[in-house]
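> predicted model, plus sequence, below.
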There are 2 protein chains.
Amino acid sequence: MKNLKGALMFGQSGGPTSVINASAAGVFLEALEQENITEIYGAEHGIRGILEEKFFDIRKEDKKELELLKNTPSSALGSVRYKLKSVDVDDTDYKRILEVFKKYNIRYFFYNGGNDSMDTCNKISKYLQSQNYECNIIGVPKTIDNDLFGTDHCPGYGSAAKYVATTMMELYLDTHVYDTGMVTVVEVMGRNAGWLTAAASLASLKGLGPDLIYLPEQPFSIEGFLEDVERVAKEKQNKVIAVISEGIKDKDGHLISEYLSSKAKDSFGHAQLGGTAAVLAGMVSEKLHIKVRPIEFSLMQRCGAHVGSGTDIEEAFMAGRMAVRYACEGETDKMVVFVRDENSKDYHIEYKLLPVEFAANTEKTIPAEWILPNHAGLTKEFADYALPLIQGASNSPLEDGLPRFAHLKKIYVK
Amino acid sequence: MKNLKGALMFGQSGGPTSVINASAAGVFLEALEQENITEIYGAEHGIRGILEEKFFDIRKEDKKELELLKNTPSSALGSVRYKLKSVDVDDTDYKRILEVFKKYNIRYFFYNGGNDSMDTCNKISKYLQSQNYECNIIGVPKTIDNDLFGTDHCPGYGSAAKYVATTMMELYLDTHVYDTGMVTVVEVMGRNAGWLTAAASLASLKGLGPDLIYLPEQPFSIEGFLEDVERVAKEKQNKVIAVISEGIKDKDGHLISEYLSSKAKDSFGHAQLGGTAAVLAGMVSEKLHIKVRPIEFSLMQRCGAHVGSGTDIEEAFMAGRMAVRYACEGETDKMVVFVRDENSKDYHIEYKLLPVEFAANTEKTIPAEWILPNHAGLTKEFADYALPLIQGASNSPLEDGLPRFAHLKKIYVK
């Protein structure tokens, strides 16, 4: 719907990344330039803030602080994991959202997240259409997992990949310093797609990469893993680096992390992950009698804004900005996607749109032909794909030698 | 001994830091300018390289690559943990060192490391004196632990402290993003001194610091820890960040990490540490029934050159450079120390010397009066002390979006 005049609502959802706020900056700074956008609201804790009428008045923030959001990791407005029920099962939340949207004349809605958030976006969009409430809704992609369908890559991935590749190089130097050997088992995030784990292979371009990489795309066997480690240990005087994804599963699809203990489920029904490196390291020690150290990149890999990718920050910002521009041009029910110009010699991205239902709940994994046999890493095609995404430094401003993050006033709309 | 003409030997020892190679760069680049220094050798794996006659000819390296050592973490020559026996017990190694020094006319010896390495330096120096072999020997300090006696601080500490404080700020944002609570237990390196763990408190200056800090300087009780976490959890909707040092001990001096399992000892007789956060997190989950995540900064805190302190890099470089200058002026049997000008309003360091036996095996811990009661963190005095050490960015050069580390040819001396 073109020339829709009204307020804008923006929310952040799902696991934080180091550039999710860059997209927020893009949305807010573009919105400030759009005449048809009256008020600008930031929902506290995503959809929950809308349901509870808790949102901030972004027009009351300093523009300088909104600019600083580009280098501030995590979700400045607060995030949420809240799954909307199917409208056929329970339409309570939907009615409430419509009520709030009507009350504040919200005509532009932007939701920033991964698969689950695009599902939320899609459901709200379809419901509001069914109620003939005019509201332009655009999803802004975000996930370090890089598993969203229909986009060349996702904002958040480049920075996390840069963290993984850079840290891998540093760890390589650290773990090769003694003349005695040690096996290092590194665990990287990624539930069903190995994109982030694969980024460790970029360190190999500099001769400082891992020996073995285990992705969720391949069935994992503990026996096979121990055989691989033993083989490399013999070749390399026990100096072995193995990188595993937290999402590795056995041939029947059972998570290796669940072998250890039964874990809680999060509100989307995914198992809580983590700690797999420690278990596998224990097995290396027990079975192979080699000194071993497990390392988890843990939350650092997704919040390490200080080593963010300049390209990722700019693209995340533009994803937010383009979402607003497209919505103001009348687009709705879409997600912003990145399309890489394959004919251009240099890396070039165009920001296009995809119907949001295509993005919701579809996962994109690494093409099988990019994965080398014997867990030896990734092909050149992967490096050609991933390397442009980690270019440029974050150039985060420092204050007292520490990052200068954005300070939002966060004034509630009454 | 002044005007001593001969070769220089430099070795790296102990756990790596992100600036140990900056000191190597200082030694090598200064040595290239000194007329009395003939050959320049870099021992492979420290003292072991000398004993085995394995060292590199540094004059054959590109000067540009030697400059790049300033931003290359870990020990470019290889490190070692090798404890020389007392000369009264077994003088085999000492005789061998004298033999090698004579063969290559080594008249300048520099050893870069922490307490144990200064002990090695001291023993070799005293032995060579007893044999009337003229050799000027200077220790170059290095340790992320910051526990060396007689120096304001140690090269390596500032960068590791910057990693800890920066990452703490990022983790704070990440762990406070949901409206549901979670306890985070972060483990930081430090065997007997809590300097590095204390650096987490610098994040509090920006309002993004931990709630609780446990240092090895204070007796640790598991019951007390659980009570503290429970108290803060009640105050802060279960959002708690507790930072512990790997070296926390109970009131009888037993390492908490050893409660879990008996661990191997390293060659200096220290227990192998690590994993304490995971154990304490398990107890929080079991006893307090709060969601909890253990995080270890692991090797990343000591090799994270990408977030190195500009001040630390420059000081580490100067420590190496000054060691060579002092030796060429005839000084020997000393360690380079940093003396802070307490009368100057701005931070200013002078590079002085201390007899090396004072530095060997003496540990400097945090003054008791800098530690706040109830594990609430550190006083302003600590921040005044530590903040100048983390100033400035590392400005590591990038190539393909990844760090451009030094490539040494490492040509063995035949």
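Received it, and whenever you're ready, just let me know what you need. Numbers count the residues shown, from 1 in each chain, chains lettered A, B, ... in the order given.
> taking the stretch 201-350 of chain A, what residue is nearest to chain B?
Proximity of the stretch 201-350 of chain A to chain B (CB to the nearest CB) peaks at A:Cys303, 4.1 Å away. Quick note: C-beta positions are derived from backbone N, CA and C, even for glycine.
> residue contacts, that residue?
A:Pro16, A:Thr17, A:Ser18, A:Pro73, A:Ser74, B:Glu170, B:Leu171, B:Leu173, B:Asp174 (CB atoms under 8 Å, 6 or more residues apart in numbering or on different chains).
> ok, which stretches of the stretch 151-300 of chain A are strands?
Listed in chain order, the strands of the stretch 151-300 of chain A (DSSP state E, counting those that start in this stretch) span A:183-188, A:212-214, A:240-245, A:292-296.
> using TSV, lay out these together with mean neighbour count.
Listed next are those as TSV, based on neighbours: other CB atoms under 10 Å in any protein chain shown:
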stretch	mean neighbour count
strand A:183-188	28
strand A:212-214	25
strand A:240-245	28
strand A:292-296	24
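> check contacts around the residue of chain A positioned farthest from its centre.
Residue farthest from the centre of chain A, counting by CA atoms, centre = their mean, is A:Asp179 at 38.3 Å. Taking CB under 8 Å, 6+ apart as the contact definition, A:Asp179 lies against B:His45, B:Arg48, B:Gly78, B:Val80.
> tell me if I'm right that the first one and B:Ser79 touch.
Yes. Applying CB atoms under 8 Å, one finds B:His45 in contact with B:Ser79, separated by 6.5 Å.
> quickly list what's touching both of those two.
Counting by CB under 8 Å, 6+ apart, the contacts common to B:His45 and B:Ser79 are A:Tyr178.
> which of the contacts of A:Asp179 sits closest to chain A?
Chain A lies nearest to B:His45 out of the contacts of A:Asp179, by CB to the nearest CB, at 4.9 Å.
> count the neighbours of that closest one for me.
25 (other CB atoms under 10 Å in any protein chain shown).
> that one: what's it in contact with?
B:His45 is in contact with A:Tyr178, A:Asp179, B:Lys54, B:Leu77, B:Gly78, B:Ser79, B:Val80, counting by CB under 8 Å, 6+ apart.
> can you do 6 Å?
Residues in contact with B:His45 (CB atoms under 6 Å, 6 or more residues apart in numbering or on different chains) are A:Asp179, B:Gly78, B:Val80.
> can you pull the contacts of A:Gly158?
Contacts here follow CB under 6 Å, 6+ apart; on that basis A:Gly158 touches A:Ser309, A:Thr311, A:Asp312, A:Leu389, A:Ile390.
> spell out which parts of the stretch 201-350 of chain A neighbour chain B.
A:Lys206, A:Ile295, A:Ser298, A:Leu299, A:Met300, A:Cys303, A:His306, A:Val307 (CB under 6 Å from any CB of the partner chain).
> ok, which pair from those residues is furthest apart?
The most widely separated members of those, counting by CB to CB, are A:Lys206 and A:Leu299 (25.5 Å).
> so these two - more neighbours on which side?
Remark: of A:Lys206 and A:Leu299, A:Leu299 carries more neighbours, 23 against 18, as counted by other CB under 10 Å.
> in space, what's closest to that one - neighbours in sequence excluded?
The shortest distance from A:Leu299 to any non-neighbouring residue, by CB to CB, 6 or more residues apart in numbering or on different chains, is to B:Asp174 (4.9 Å).
> I'd like the average pLDDT over the helix or strand encompassing A:Ser117.
Using DSSP states H and E, A:Ser117 sits within helix A:115-130. Averaged over helix A:115-130, pLDDT sits at 94.
> do stretch A:214-233 as well
Rounded to a whole number, the mean pLDDT of stretch A:214-233 is 96.
> shaky segments in the stretch 201-350 of chain A?
Under the criterion pLDDT under 70, the flagged ranges of the stretch 201-350 of chain A are A:259-274.
> try it again at 50.
The stretch 201-350 of chain A contains residues with pLDDT under 50 at A:261-274.
> and the helices in it, which stretches?
A:222-235, A:257-260, A:276-283, A:300-303, A:310-328 (DSSP state H, counting those that start in this stretch).
> as CSV, the ones you listed with distance to B:Lys64 would be great.
Below are those laid out as CSV (distance: least, CB to CB, whole Å):
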stretch, distance to B:Lys64
helix A:222-235, 32
helix A:257-260, 46
helix A:276-283, 37
helix A:300-303, 32
helix A:310-328, 25
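> so the residue of the stretch 1-150 of chain A found nearest chain B is in which element?
Nearest to chain B, among the residues of the stretch 1-150 of chain A, is A:Ser74, at 3.6 Å (CB to the nearest CB). For A:Ser74, there is no enclosing helix or strand under DSSP H and E.
> skipping its backbone neighbours, what lies nearest it in space?
Nearest in space to A:Ser74, with sequence neighbours left out and distances taken as CB to CB, 6+ apart, is B:Leu173 at 3.6 Å.
> same thing with A:Met322?
Nearest one to A:Met322, counting by CB to CB, 6+ apart, is A:Tyr351 at 4.2 Å.
> count of neighbours near that neighbour?
Neighbourhood size, A:Tyr351 [other CB under 10 Å]: 17.
> before we move on, what about A:Thr379?
15.
> my guess is it contacts A:Ala368. True?
No. Contact criterion CB atoms under 6 Å: A:Thr379 and A:Ala368 do not qualify, at 10.6 Å.
> tell me the phi and psi of the residue positioned nearest the centre of chain A?
Centroid check for chain A by CA atoms, centre = their mean gives A:Thr143 as the closest residue, at 1.7 Å. With angles defined as degrees, to the nearest 10, A:Thr143 sits at phi -180, psi 130.
> any idea of the mean pLDDT in whichever strand or helix holds A:Ala383?
Using DSSP H and E, the element containing A:Ala383 is helix A:380-386. The average pLDDT for helix A:380-386 rounds to 97.
> now swap in stretch A:351-366 and tell me
88.
> what about dumping the CA coordinates of it to PDB?
Extracted in PDB, the C-alpha atoms of stretch A:351-366 (Å, rounded to 0.1, in the frame of the first residue of the first chain):
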ATOM      1  CA  TYR A 351      19.000  -5.500  -1.900                       C
ATOM      2  CA  LYS A 352      15.900  -7.200  -3.200                       C
ATOM      3  CA  LEU A 353      12.700  -8.600  -1.700                       C
ATOM      4  CA  LEU A 354      11.300 -12.200  -1.300                       C
ATOM      5  CA  PRO A 355       7.800 -13.200  -0.100                       C
ATOM      6  CA  VAL A 356       8.300 -13.600   3.600                       C
ATOM      7  CA  GLU A 357       6.600 -17.100   3.700                       C
ATOM      8  CA  PHE A 358       9.500 -18.500   1.600                       C
ATOM      9  CA  ALA A 359      12.000 -17.400   4.200                       C
ATOM     10  CA  ALA A 360      10.100 -18.600   7.200                       C
ATOM     11  CA  ASN A 361      11.100 -22.000   8.500                       C
ATOM     12  CA  THR A 362      13.200 -23.000   5.500                       C
ATOM     13  CA  GLU A 363      16.800 -23.700   6.200                       C
ATOM     14  CA  LYS A 364      19.700 -23.300   3.800                       C
ATOM     15  CA  THR A 365      22.600 -25.600   4.400                       C
ATOM     16  CA  ILE A 366      26.100 -25.800   2.800                       C
END
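> buried sites along it?
Counting neighbours by 16 or more other CB atoms under 10 Å in any protein chain shown, one finds that the buried residues in stretch A:351-366 are A:Tyr351, A:Leu353, A:Leu354, A:Val356, A:Glu357, A:Phe358, A:Ala359, A:Ala360, A:Lys364, A:Thr365, A:Ile366.
> quick check: the farthest pair among the residues you listed?
Farthest apart among the buried residues of stretch A:351-366 by CB to CB are A:Leu353 and A:Ile366. That separation is 24.9 Å.
> neighbouring contacts of the helix holding A:Ala383?
With CB under 6 Å, 6+ apart, helix A:380-386 has contacts from A:Ala198, A:Trp370.
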